[in-house]
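Visitor: return atomic coordinates for the entry below.
(2 chains)
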Amino acid sequence: MRRHPTKQGNGMKRKSIFTALLTGVALLSLSSCNGMLDDIYDIPQESTPDGYGFLPSGDATASGKVCIDATDYKKWTYIDFRNKVCHTTEIGEDSTDAAPAEWDIAVHRYDTKTNGASVCETDENVLGKPLPAGAVFAEDVYTTDRIATDMSGMMDGNILYASSYYNEVLSRWLDVDTSNMPPAYTLSGRVYIVKLKDGRHIGLKLSDFMNPAGIKGHMTIDYYIYPQAEQGILIMNNP
Amino acid sequence: MQTILRKVFIALLVMTASAVSAQRTVNGTVTDGRGTPLIGASVSLKHRPHTGTTTDTKGHYTLVIPAGEDPTLQVSYIGYIPRTGKPSIKTNRLDLALNEDETGLQTVVITGTRTPKLLKDAPIVTKVISADRIKKTDATHIGELLQAEIPGIEFSYAMDQQVTLNMQGFGGNSVLFLQDGERIAGETLDNIDYNRLNMDNVERIEIVKGAASSLYGSNAVGGVVNVITRDATEPWTANLNARIGAHNNQRYGGSFSFKSGKFNSLTNIQHTHADAIDLGRDGDYSTVFGSKTWNIKERLTFNATDRLNFTGRAGYYFRERDKSADTRNRYRSFSGGIKGRYSFAGGKDDIEVAYSFDQYDKSDLITSSRNDIRDYSNVQNSLRALYNHKTGRKNVLTVGGDYMRDYLMSYQFENNGSKRQYTCDAFAQADLHVTDKLSAIAGLRYDYYSEARANNLSSKLGMMYKVGNCSLRGSYSGGFRAPTLKEMYMSFDMASIFMIYGNENLKPERSHNFSLLAEYIKGRCSVTVTGYYNKVDNRITTAWNKALNGMQYVNMAPLKISGFDVNAQVKYPCGFGASASYAYTHEHIKAGEPLTSSTRPHTATARIEYDRQWKSYGFCITLSGRFLSGVTTDEYTSVSSYEETSRQRYPGYAMWKLSLAQRIAKGVNITLAADNLLNYRPSYYYNNSPSTTGTTLAAGISVDIDKIFK
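Guide: The predicted structure is shown next:
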């Protein structure tokens, strides 16, 4: 009399184990066909957080951020700090694009040039500090082998370059080591002082070269426009 | 009538009593050579193997021998040479001490046939690295271990410091790595993430060189490496271990296992850390990236009955690589599975059904935004059924099939897209014990890949003939590798330098592998010589496509790889042991093909050790070395043309390692190691140079907590 229920109990127990296992397998397989735990990753927007161009800041005139899309090898982005505008032009023999009437610096990928300005590299990593005495400013140089417009022949040693002015000091804001593949990128983290031809001084720091999605060529530049009084000090220290 | 019944009853009673009295209950203890009890040793009647038992935690056994049976007992234990003996008639007792299997031929292997088989009887050539050898090698990474133990294997760097394998001419996508028989998802530059193969709790590693597609399908063109985890056989075990080495190389691990009633469980957690290494010299790379890993695994077995058991497993793996100040590469895997095994017909038949899930993700942590952005995910859901039927004494018929759903999302697809592929296969194999001297194996497998629209029939035929102390093995096996989703659908902008495109019209790689092996064993010495020839058709590689103005995956002309291995080893009871292995590899690729050969032709490994063990102390001092010859190769001067080449010489090198493993009391093991004894340092760090800065030291401690209390 007692054996029968026990057998039935064992049978039910075994059945419930099978059912639980099968359910577990079914649930696991159905829920995980394309993977699991997606939530542990971030899905940022592809562009910069606040769009491109000059970003609004507390002090609208003296300091702020400017974000540019410099992913295209065949484009210059001209930045005008006085009017807070950016302008993009095509590079190439067929291009009729001309530089805008007013601009201060221009960026191509990680390369830079200035509108007749000169640049010095400081040891500072915070904007707005006085320029140390004895700083050396470097003007642009004319190059035929720095502004790469077509990398597709790189492995065969056939990179195409555009002839252009180039500021070697400001371009140090990001070191791109192409001796190995993929290239290694290192931000200098330093502040660069641009002495414009009209006497204005602007402090620049490249704070990022990637957008939130990690795509390289999206530049975030922090700037600080020195007030006239400070500019006087700067000029006194660096005639 | 009553008188008759009474007489019958008395007669039955007498017969029963005499039968019971004719039974013998014997007992005894099974120990190793040092008198340590062997727990779980198998004790059975020699001529009636189904009547048997296992030893308890004190190595003790009790066995009832039925009346009329020959009382000769056979005692066996993994890693020891089986012994037979007859219990004393007076005391009914038989105590046996088993000697360690110095040649390793009593090891049970599974990879070559997919069913457990003694190494000495396996018709498919299988190399085994035991748990003891893993411990003595002091290796954290499977690459270090395989390179130290087997010539012809080289782990080096590919682009971006990604680890890449060359096993006698076969790359990472041609050698199938398995963890307890399960495939491993994900790849980088055609290689799985070898760091996932944590060396804690590994019972043994089995390596089958040559094609094994008739059992394992795609990717097993060049061989199979199967990492097998130990079973929990004792009531409980607990181990904690730590190792510290040069460049702040740290490893910490902990394991806990138990066996209670119908359950047994094994839990393991391991963490490693390594600082970046500034190599201080020019090279294809000048800094080795720092990294850290976490590896957590759990396996639980439920023995529902003597014939039915279920095993569930789950694992999590995380690796972070400090690639640059702005980006850290992250690699994660989530894996799990459940397996049921049922044996019937008196243990002659068994069926196994398994479901396996493995997800491998890659993401980049952008340090400025702290965004962790995934750009790669490979998810494999597999279902497998396997049936073994034993006939006669040792004949085994194996049939089975697999179904897999392979999902891949990748940054190498257009717009980080995803693709799916379904694969299924069926296989059958007959493992025949023709005579005591001759055995044979034959197998056939059919594979189907949905996206590649690839069908393949792989076959295998192997024979083994034993003569005296010699055994000869010969085999033919067909290899197969279907084009992967990556190879079919890639559309990847390589740093704006060139595009790499997939090719939906790729044909599967197919290989033909012939091998011959001669083995001579006498006493404690063994010598094996293996020769092989491989022809690989339609090998898949990238080549410049003028029309696309970029690279594209294509099939190339046949590749031929031939060579031979020689291995000799000896081990004496006094504790002295030595081994030496040499491999010669010749890779022939037709001129003008997109690939050129860069496999080192000569490689060798050597080891001398002295091992002494007492009750409360033991040590093993090992000097091991590996030698890789230089290789001269013709490399194309252009990526877009396969006409002009320049000669490139990659230098050879030798690395020696001295290690001292000490056991204090029962459960404390201390290992000291000095690697690269000759202080070798490459003058230029090629991708295939060792990333060493000279001699390094390491120290490790491992404590078996359970042994301290036993």
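
Visitor: could you chop chain A up by domain?
Guide: A:3-39, A:53-237 (automatic domain parsing).

Visitor: so of those domains, which one's packed in deepest?
Guide: The highest mean neighbour count among the domains of chain A, using mean count of other Cβ atoms under 10 Å in any protein chain shown, belongs to domain A:53-237: a mean of 17. Yep, even glycine has a C-beta here, placed from its N, CA and C like the rest.

Visitor: neighbours of residue B:374, just the number please.
Guide: 20 (other Cβ atoms under 10 Å in any protein chain shown).

Visitor: cool, and residue B:62?
Guide: Other residues within reach of residue B:62, judged by other Cβ under 10 Å, total 13.

Visitor: and it, what are its bridge partners?
Guide: Taking DSSP bridges as the rule, residue B:62 bridges to residue B:27.

Visitor: from residue A:202, how far out is the most centrally placed residue in chain A?
Guide: In chain A, the residue lying closest to the centroid (Cα atoms, centre = their mean) is residue A:209, at 1.6 Å. Using Cβ to Cβ, to the nearest Å, residue A:209 is found at 19 Å from residue A:202.

Visitor: where's the residue in the stretch 1-150 of chain B that chain A sits nearest to, which helix or strand?
Guide: Proximity of the stretch 1-150 of chain B to chain A (Cβ to the nearest Cβ) peaks at residue B:143, 21.0 Å away. Per DSSP states H and E: residue B:143 is located in helix B:142-149.

Visitor: the inter-axis angle of the helix or strand following that helix versus helix B:142-149?
Guide: Once helix B:142-149 ends, the next helix or strand along the chain (criterion: DSSP H and E) is strand B:153-157. With axes from the mean of the first three to the mean of the last three Cα atoms, to 10 degrees applied, the angle from strand B:153-157 to helix B:142-149 works out at 140 degrees.

Visitor: can you give the contact residues for strand B:153-157?
Guide: B:141, B:143-144, B:146-147, B:163-168, B:194, B:284-285, B:600, B:603, B:628, B:687-689, B:691 (Cβ atoms under 8 Å, 6 or more residues apart in numbering or on different chains).

Visitor: keep only those of the residues you listed that are in strands.
Guide: With DSSP state E as the criterion, strands contain B:163, B:164, B:165, B:166, B:167, B:603, B:628 from among those.

Visitor: what sits against the first one?
Guide: Residues touching residue B:163, when contacts are defined by Cβ under 8 Å, 6+ apart, comprise B:143, B:155, B:156, B:157, B:191, B:194.

Visitor: for the third one, same thing?
Guide: Residues in contact with residue B:165 (Cβ under 8 Å, 6+ apart) are B:143, B:153, B:154, B:155, B:171, B:172, B:175, B:191, B:194.

Visitor: run the last query once more with 7 Å
Guide: Applying Cβ atoms under 7 Å, 6 or more residues apart in numbering or on different chains to residue B:165 gives the contacts B:155, B:171, B:172, B:175, B:191.

Visitor: can you count the residues close to the first one?
Guide: Residues contacting residue B:155 under the criterion other Cβ under 10 Å number 20.

Visitor: okay, now the unreliable bits of chain A?
Guide: Within chain A, the stretches with pLDDT under 70 are A:1-32, A:46-49, A:58-61, A:95, A:229-239.

Visitor: quick one: the helices in it?
Guide: Secondary structure of chain A (DSSP state H): helices at A:3-31, A:228-237.

Visitor: what's the closest of the contacts of residue B:163 to chain A?
Guide: residue B:157 (10.2 Å).

Visitor: beta partners of the residue nearest to residue B:337 when sequence neighbours are not counted?
Guide: Distances taken as Cβ to Cβ, 6 or more residues apart in numbering or on different chains place residue B:356 nearest to residue B:337, at 4.0 Å, with adjacent residues excluded. Judged by DSSP bridges, the bridge partners of residue B:356 are residue B:337, residue B:382.

Visitor: quick check, pLDDT for residue B:356.
Guide: The model reports residue B:356 with a pLDDT of 96.

Visitor: so it touches residue B:382, yeah?
Guide: Yes. Contact criterion Cβ atoms under 7 Å: residue B:356 and residue B:382 qualify, at 4.4 Å.

Visitor: higher neighbour count, these two?
Guide: More neighbours surround residue B:356 than the other of residue B:356 and residue B:382, with 24 against 20 (other Cβ under 10 Å).

Visitor: for the nearest residue to residue B:357 once chain neighbours are set aside, the count of nearby residues, please.
Guide: Closest residue to residue B:357 apart from its sequence neighbours, by Cβ to Cβ, 6+ apart: residue B:336 at 4.9 Å. Residues within reach of residue B:336, counting by other Cβ under 10 Å, total 20.

Visitor: can you check the pLDDT for residue B:336?
Guide: 96.

Visitor: same check, this time on residue B:452
Guide: Per-residue pLDDT puts residue B:452 at 91.

Visitor: tell me where the model's unsure across the stretch 551-700 of chain B.
Guide: Nowhere does the stretch 551-700 of chain B drop to pLDDT under 70.

Visitor: for the host helix or strand of residue B:241, buried residues please.
Guide: Per DSSP H and E: residue B:241 is located in strand B:236-245. Residues B:236, B:237, B:238, B:239, B:241, B:243, B:245 are the ones in strand B:236-245 that count as buried (16 or more other Cβ atoms under 10 Å in any protein chain shown).

Visitor: output it in PDB, but only the C-alpha positions, please.
Guide: Output of strand B:236-245 as PDB, limited to C-alpha atoms (Å, rounded to 0.1, in the frame of the first residue of the first chain):
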ATOM      1  CA  TRP B 236      34.900  18.400  -0.800                       C
ATOM      2  CA  THR B 237      38.000  20.200  -2.000                       C
ATOM      3  CA  ALA B 238      39.100  23.800  -1.700                       C
ATOM      4  CA  ASN B 239      42.000  25.400  -3.200                       C
ATOM      5  CA  LEU B 240      43.400  28.900  -3.100                       C
ATOM      6  CA  ASN B 241      46.400  30.000  -5.200                       C
ATOM      7  CA  ALA B 242      48.400  33.100  -6.100                       C
ATOM      8  CA  ARG B 243      51.300  33.800  -8.400                       C
ATOM      9  CA  ILE B 244      53.300  37.000  -8.700                       C
ATOM     10  CA  GLY B 245      55.800  37.600 -11.400                       C
END
